[in-house]
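In: what's the 3D shape of this:
(chains A, B and C)
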Amino acid sequence: MNTGAASQAVGSAPEPAGELGRLLSGPASTIAPRLLGLVLTVGERSGRIVEVEAYEGPDDPASHAFRGPTARTEVMFGPPGHLYVYLSYGVHWCANIVCHPDGVAGAVLLRALEPLTGVDGMWSDRPAAKRETDLASGPGKLCAALGITDRNNGVDLLDNTAPVRLQRPADHRSVSGSGFAVGPRIGITKAVDRPWRFGIADSPHLSRRFP
DNA sequence: TACCCGATTTACT
DNA sequence: GTAAATCGGGTAT
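Out: Predicted structure coming up:
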């Protein structure tokens, strides 16, 4: 239903609204560092994104979208600003923010979060955590802390009525402008050389230190 | 229909 | 530091 002309009409196309929408649209490896410092909200719980990883499409062997769309990965091929949730190792939910244009696969895995509000609720869903810095210091932990499951797969993060929302705090520009670290992605066996993991360098809430 | 394996976390040695 | 837990998707019969 998209014509070639429509896909070029960036200014007036029904892309995610506002400045945040524009921030989310582009190559995953470019968008990923810009997501650092954004605030993710689920009900009463919210946190600041401090660590992410980029996963692209047909050119990225480590990406779920590498071999084309499937029932599981179709969200990754949809419009940017939506949430792609999958089950890892049959145990943990992991959440990604879709960022490539509609029809082109690409997403950013959310790896760690600094708890801001609803921290008591996070503790009740993360009984194994020993410190507040461990509540969401990993992709599976992050989803557990916020209560994200496959129920939330495909939700529009920019919809104010959605159960999961993404917001930009006033100080985001300064946060993204400096002080983030880069390194290789974690836990993958393919394309391990690509430095597509990004994090706020001095955050104590990272899943792991950067090299 | 069967088998293999993973964008991880946790507990235990 | 190492291994177990656990299950749905993807690829191969």
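In: before we move on, what SS does the residue in chain A that DNA strand B sits nearest to have?
Out: In chain A, the residue that lies nearest DNA strand B is A:G187 (1.7 Å; C-beta to the nearest atom of the strand). C-beta: built from backbone N, CA, C; applies to glycine. Following DSSP: H, G, I helix; E, B strand; the rest coil, we place A:G187 in the coil state.
In: residues touching it, list them.
Out: If you count contacts by C-beta atoms under 8 Å, 6 or more residues apart in numbering, A:G187 has none.
In: check A:A32 too.
Out: A:A32 touches A:52-54, A:99, A:108, A:196, A:198, counting by C-beta under 8 Å, 6+ apart.
In: tell me the contacts of A:V42?
Out: Going by C-beta under 8 Å, 6+ apart, A:V42 touches A:146-148, A:152, A:163-165.
In: repeat that for 7 Å
Out: Neighbouring residues of A:V42 by C-beta atoms under 7 Å, 6 or more residues apart in numbering: A:146-148, A:163-164.
In: can you say which of these are buried?
Out: Buried members of these, scored by 16 or more other C-beta atoms under 10 Å, are A:146-148, A:164.
In: now, which of these lie within strands?
Out: Judged by DSSP state E, those include A:V164 as members of strands.
In: of the buried ones among the contacts of A:V42, which is the nearest to A:S46?
Out: The closest of the buried ones among the contacts of A:V42 to A:S46 turns out to be A:L146 (C-beta to C-beta; 8.2 Å).
In: was I right to think the closest one contacts A:E44?
Out: No. Proximity of A:L146 to A:E44 does not meet the contact threshold set by C-beta atoms under 7 Å, at 10.3 Å.
In: can you check the pLDDT for the residue of chain A closest to DNA strand B?
Out: What the model reports as pLDDT for A:G187 is 92.
In: now do A:P184
Out: Looking at A:P184, the pLDDT reads 94.
In: and for A:R67?
Out: pLDDT, A:R67: 89.
In: now do the phi/psi pair for it.
Out: Dihedral angles of A:R67 (phi, psi; degrees, to the nearest 10) stand at phi -100, psi 20.
In: count the residues that sit near it.
Out: 11 (other C-beta atoms under 10 Å).
In: and the gap between it and A:R173?
Out: Applying C-beta to C-beta, to the nearest Å, the value for A:R67 to A:R173 is 37 Å.
In: got the residues of chain A near DNA strand C?
Out: Counting by C-beta under 7 Å from any atom of the strand, chain A comes close to DNA strand C at A:64, A:67, A:70-73, A:87, A:89-91.
In: filter those residues down to the ones near DNA strand B?
Out: A:64, A:87, A:89-91.
In: list only buried entries from those residues.
Out: Of those, these count as buried by 16+ other C-beta under 10 Å: A:H64.
In: just the ones next to DNA strand B among the residues of chain A next to DNA strand C: which are in strands?
Out: A:L87.
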